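Participant: Structure, please.
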Amino acid sequence: MSLHHPSQSFQIFQIFGATAYLHKTIYCAGLLRAAVVAASSSLNTNHEASKKPLKLFYLKPVQTGYPTDFNMRLVENIVQKFKGQLNTTTLFTSQNRPSNDEEALLTTKKFLSECHRNLEGGEGKLFIETTGGVNTPFLTGTLQCDFYRPLRLPAILICDGKDGGVSTTISAFESLSLRGYDVVLILMFKHPEFSTHTFLKNYFPKHFRDKRIFIAALPHPPLYTQSREGDLTPLVQYFEETHSDFINILQHLDNWHHMRFKYFREMEQLTRDKFWWSFTQNQRLPQITVVDSTHRDLITTFEGDQNISKEDRTGETVKDNTINGKNQEKMLEIFDGSAGMGHGPLKLALEASYAASRYGHAMLPGFTHEPALQLAENLLKTVGKDWASRVFYSENGGAALEVAIMMALKSAAKRYNQNDKKLELKVLGIKRMYHRDTIDTMDVWNPNHYNKHLTGCNVKGFWFEPPTFLLKNGCYQLSIPDNYGIREKNKFIMLASIFNKKRTFDSIIGKAYQRHIDDTLKSLIDQGHEFGALLIEPVIMGAGGMKFVDPLFQKILIDKVRSGLDFPIPVVFDEVFTGFWRLGFQSGAELLDRKPDVAAYAKSFIGGLLPMGMALTTNSIFEDSCISEQTDTSLHKSSYIANPISCWVANISINEYAQMNQLVQLGGSFTWDLAKKQWQNVHSHEGPIGAIESISHLPNVKGVVTLGTLLAITLEDPTSKSETLEYFSHHSLWSPKFNHILINSLDYANSQKIVEILLSSTSSEDPNFGVFVRSLGNLVYVIASHHSKRQYLREIEKRLVKCLQRDF
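Facilitator: Down below sits the predicted model:
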């Protein structure tokens with residue numbers, strides 16, 4: 001449970017100033033004083049009064065003025081005048097500085113969590129007063145609006161009602177909004193000689209209608225200084241006169257807070273009634289995760305009270321949201337191990353805003369613009385270096401791969417079709433591969449559970465059963481299909497040995513691969529099959545089950561289709577999963593030491609921020625596919641391709657990768673070096689050690705795959721005798737039917753059960769985050785992002801070991 005977030009019973013608001021010296025402490029004192037009066041007189045009518053007294057908290061994280069406790073004492077004295085109980089705290093001063101952002105943020109989280117625990121089942125309000133303006137540097141040098149962003153607390157913006165207030169207010173608001181804050185309230189003191197208040201009350205509803213921002217102007221308070229702190233009579237009188245104003249403001253904050261949680265409660269059922277999810281058994285989904293926000297590796301989610309009935313969930317209020325003194329509705333922070341791209345990168349968000357304002361959208365066919373041109377140049381000098389010369393933009397990975405297949409088949413057809421005969425070209429591939437879900441891409445899968453029920457799908461191809469690696473009992477074991485004619489066991493101690501160039505075609509394994517491929521191709525050609533492309537995912541088959549295919553086999557297969565047929569056929573790499581450092585290298589092609597003729601990319605190159613894909617190819621393929629007739633539109637795509645916003649963000653993301661990699665080459669960035677080999681010590685020259693090695697020894701684990709940011713664990717499955725069924729194994733089911741067999745077994749683990757345990761797991765070091773991993777059949781996998789924190793990864797490894805050892 002993430003106690004540093006607001007909950008149904010605990011309101012937290014963070015007060016920012018558009019600039020410095022705007023008397024933020026006066027506003028805090030007025031709001032806290034109003035809360036005391038409202039609680040004592042039962043004016044808070046939004047929900048039933050708590051059985052326990054309302055607890056109030058005031059936090060001044062950084063106190064830079066003199067004396068160091070001035071703000072706290074002022075607020076305490078005002079509240080105590082009205083017999084209110086208040087906890088006031090300062091965490092840091094200019095003499096007591098945190099060493100870095102991480103230390104400061106952890107200290108802040110601990111204080112918020114302590115406040116939450118002190119409620120003891122009752123209700124509370126906390127107001128956090130920041131220092132200076134929105135963009136004032138924190139003690140560590142980070143801008144305040146950036147430092148506090150991981151918390152993403154509801155914000156109150158204090159602005160200047162005098163001349164210049166319009167400019168500073170709008171600038172401050174945009175700084176917060178662009179970073180994902182919810183600005184709930186804008187406050188200022190009245191200055192009749194200026195029209196700031198009137199202008200802003202008209203401006204915000206016009207330009208930010210959906211945000212429903214409440215704007216209020218209060219009478220200016222009496223002047224007070226630190227030397228006059230002992231005489232609070234003028235301020236006490238001021239708060240008496242503005243009592244109704246502060247009560248109205250407090251009522252707005254209460255309404256906003258409760259409406260927020262009301263919508264959280266409604267979202268799950270509303271979603272069930274309206275969504276049709278892809279890649280999901282919609283009728284069997286036990287729980288829907290309600291996402292509030294994301295930041296870097298973490299997702300902030302809402303978990304409702306399972307004791308509240310469906311009718312209560314959609315009602316206006318929750319009559320009783322505590323059980324045995326504990327609030328049952330909570331916010332959770334979850335490490336997202338499902339995508340490996342991270343979330344909320346500030347630099348990309350700001351750059352996307354710039355591109356949106358500059359371009360919006362621009363048609364590409366027959367046009368060009370700077371983002372698209374620069375991205376093409378970036379791609380050709382990174383993943384396309386030394387082989388590609390053309391870039392074809394598309395909407396996403398699936399559409400890009402569809403184009404890549406069209407390119408390859410069109411080029412092959414031109415070479416085949418010397419006599420204008422009708423061709424039915426097929427595709428060579430690898431079994432259990434998954435290449436997205438357009439009709440054309442599903443046609444080139446081997447027949448499986450995904451495409452066999454699809455109307456209009458016409459599978460066309462042949463698919464090799466691949467030899468694969470798994471880390472088991474501390475070494476990499478090579479599993480070769482029986483029909484390859486190799487019986488002896490093959491083991492490798494180090495991962496580097498698998499990619500060693502000394503593993504040649506002339507080795508025993510290499511010769512066996514050559515024989516099998518040669519015999520298979522000859523048999524297929526003798527049967528009259530004609531092939532137009534080889535389609536593979538380099539090294540790792542992603543959604544096909546995270547299979548680690550022997551790179552030697554893929555190298556030989558590529559070389560054979562380029563030399564062992566009547567003429568070379570195009571080689572297509574699906575790099576949607578493997579591209580842009582996902583496996584610790586710039587591309588899967590780099591790992592294979594083989595260049596494709598066509599390759600499709602998506603996801604990582606754009607930082608996960610926007611959907612986009614593209615196909616890269618050679619001049620030869622381009623010339624074979626050039627359209628000469630207006631009716632020949634086989635490569636027609638949406639007019640939305642190469643959207644300038646996506647292109648601009650992709651350029652920034654690729655440049656960031658390049659800069660980080662350059663730092664490694666200069667010996668200057670351990671963090672990025674770690675990102676290329678995320679999981680504990682799997683690249684050690686002595687072989688794998690630590691948590692991953694321990695997992696590989698467990699009896700209920702069939703094997704482990706670790707490469708770059710990927711960690712995949714294949715579980716032993718008592719329900720499946722065939723490796724072809726692993727992806728669709730019943731071992732992923734979590735139902736009473738399988739509980740006795742799978743969950744309570746000493747020898748087997750259940751993948752979906754592991755997902756559920758990790759999602760709700762905590763640690764003594766940081767109890768505030770769970771872990772979201774994904775399951776595919778009897779496979780559990782987690783993908784780190786390129787900037788995942790080391791402590792998160794080590795903690796996940798520990799939890800995985802405990803979970804697999806039944807130690808939770």
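Participant: Can you tell me whether I have it right that residue 302 is in a helix?
Facilitator: No. Counting by DSSP: H, G, I helix; E, B strand; the rest coil, residue 302 falls outside a helix, being strand.
Participant: now the strands: where do they sit in the stretch 401-550 of the chain?
Facilitator: Assigned by DSSP state E, counting those that start in this stretch, the strands in the stretch 401-550 of the chain fall at 426-430, 461-464, 468-472, 475-479, 490-492, 531-536, 540-541, 547-549.
Participant: For stretch 591-599, the averaged confidence score.
Facilitator: Averaged across stretch 591-599, pLDDT comes to 96.
Participant: try stretch 14-25
Facilitator: 95.
Participant: Quick one: distance of that stretch to the chain centre.
Facilitator: 33 Å (C-alpha atoms, centre = their mean, to the nearest Å).
Participant: Same question for stretch 357-366.
Facilitator: 27 Å.
Participant: Next: stretch 795-803.
Facilitator: Its chain's C-alpha centre and that of stretch 795-803 lie 20 Å apart, by C-alpha atoms, centre = their mean.
Participant: Lowest mean pLDDT among the helices and strands, pick that one out for this structure.
Facilitator: None of the helices or strands of the chain scores lower by mean pLDDT, DSSP states H and E than helix 736-738, at a mean of 29.
Participant: Tell me the secondary structure at residue 365.
Facilitator: Classification of residue 365 using three-state DSSP returns coil.
Participant: That one: what's it in contact with?
Facilitator: Residue 365 sits next to residue 639 when contact means C-beta atoms under 8 Å, 6 or more residues apart in numbering. C-beta coordinates here come from the backbone N, C-alpha and C atoms, glycine included.
Participant: and it, backbone torsions?
Facilitator: phi -50, psi 120 (degrees, to the nearest 10).
Participant: same question, residue 622
Facilitator: phi -60, psi -50.
Participant: quick one on the thing from earlier: of all the strands of the stretch 401-550 of the chain, which one is nearest residue 174?
Facilitator: Checking the strands of the stretch 401-550 of the chain against residue 174 by C-beta to C-beta gives strand 540-541 as the closest, at 41.8 Å.
Participant: Summarise which helices and strands the closest one is packed against.
Facilitator: The contact analysis (3 or more C-beta pairs under 8 Å, 6 or more residues apart in numbering; DSSP states H and E) places strand 540-541 against strand 547-549.
Participant: So what touches stretch 503-519?
Facilitator: By C-beta under 8 Å, 6+ apart, the list of residues contacting stretch 503-519 reads 464, 467, 478, 480, 483-486, 490, 497, 550, 552-553, 556-557, 559-560, 564.
Participant: Residue 380 is in contact with residue 616, isn't it?
Facilitator: Yes. Between residue 380 and residue 616 a contact is recorded at 7.3 Å, counting by C-beta atoms under 8 Å.
Participant: Looking at these two now, which is surrounded by more residues?
Facilitator: residue 616 (27 against 17; other C-beta atoms under 10 Å).
Participant: is it true that that one lies in a strand?
Facilitator: Yes. Under three-state DSSP, residue 616 sits within a strand.
Participant: what's across from it in the sheet?
Facilitator: residue 391, residue 599 (DSSP bridges).
Participant: So it sits against residue 597, correct?
Facilitator: No. Counting by C-beta under 8 Å, residue 616 stays clear of residue 597, with 9.7 Å between them.
Participant: Neighbours of the nearest residue to residue 409 once chain neighbours are set aside, how many?
Facilitator: Once flanking residues are discounted, residue 409 sits nearest to residue 532: 4.3 Å by C-beta to C-beta, 6 or more residues apart in numbering. By other C-beta under 10 Å, 25 other residues sit near residue 532.
Participant: Could I get the contacting residues of residue 532?
Facilitator: 408-409, 412-413, 416, 423, 425-427, 569-570.
Participant: For PyMOL, what selects the buried ones among those residues?
Facilitator: Command for PyMOL that selects the buried part of those, burial taken from 16 or more other C-beta atoms under 10 Å:
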select buried, resi 408+409+412+416+425+426+427+569+570
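Participant: And the contacts of residue 532, which is the shakiest by pLDDT?
Facilitator: residue 423 (76).
Participant: wait, that one sits on residue 417?
Facilitator: Yes. Between residue 423 and residue 417 there is a contact under C-beta under 8 Å: 5.9 Å.
Participant: ok so, going back, okay, the residue nearest to residue 409 and residue 575: tell me how far apart.
Facilitator: The spacing between residue 532 and residue 575, counted by C-beta to C-beta, to the nearest Å, is 20 Å.
Participant: what does residue 197 give?
Facilitator: Counting by C-beta to C-beta - residue 197 and residue 575 are separated by 56 Å.
Participant: what about these two, which has more around it?
Facilitator: Taking neighbours as other C-beta under 10 Å, residue 197 and residue 575 compare with residue 575 leading, 29 against 22.
Participant: Torsion angles phi and psi at the more buried one?
Facilitator: phi -110, psi 20.
Participant: ok so, going back, right, and the helix or strand after the least confident helix or strand of the chain?
Facilitator: Where DSSP states H and E defines the elements, the next helix or strand beyond helix 736-738 is helix 751-760.
Participant: At which residues are the helices of the stretch 401-550 of the chain located?
Facilitator: According to DSSP state H, counting those that start in this stretch, the stretch 401-550 of the chain carries its helices in the segments 439-443, 495-498, 508-526.
Participant: swap in the stretch 1-150 of the chain?
Facilitator: Going by DSSP H, counting those that start in this stretch, the stretch 1-150 of the chain shows helices at 24-40, 70-80, 101-118, 144-147.
Participant: For residue 193, find the nearest of the ones you listed.
Facilitator: Nearest of the helices of the stretch 1-150 of the chain (C-beta to C-beta): helix 24-40, 20.4 Å.
Participant: could you say what helices and strands that closest one packs with?
Facilitator: strand 10-17, strand 55-63, helix 70-80, strand 124-129, strand 155-158, helix 233-241, helix 243-274.
Participant: Give the buried residues for stretch 788-806.
Facilitator: Under the neighbour-count criterion of 16+ other C-beta under 10 Å, stretch 788-806 has 788-789, 792-793, 795-801, 803-804 buried.
Participant: Is residue 577 part of a helix or strand, or is it coil?
Facilitator: Taking three-state DSSP, the label given to residue 577 is coil.
Participant: which non-adjacent residue is nearest it?
Facilitator: residue 542 (3.4 Å).
Participant: How about residue 622?
Facilitator: residue 390 (4.5 Å).
Participant: Could you pull up the residues touching the one you found?
Facilitator: Contacts of residue 390 (C-beta under 8 Å, 6+ apart): 616-619, 621-622.
Participant: what about 10 Å?
Facilitator: Residues in contact with residue 390 (C-beta atoms under 10 Å, 6 or more residues apart in numbering) are 376, 380, 384, 407, 598, 615-623, 625.
Participant: Next: residue 238.
Facilitator: The contact partners of residue 238, by C-beta under 10 Å, 6+ apart, come to 26, 29-30, 78, 218-222, 224, 232.
Participant: So for the host helix or strand of residue 185, mean pLDDT?
Facilitator: Using DSSP H and E, residue 185 maps to strand 183-189. The pLDDT scores in strand 183-189 average 96.
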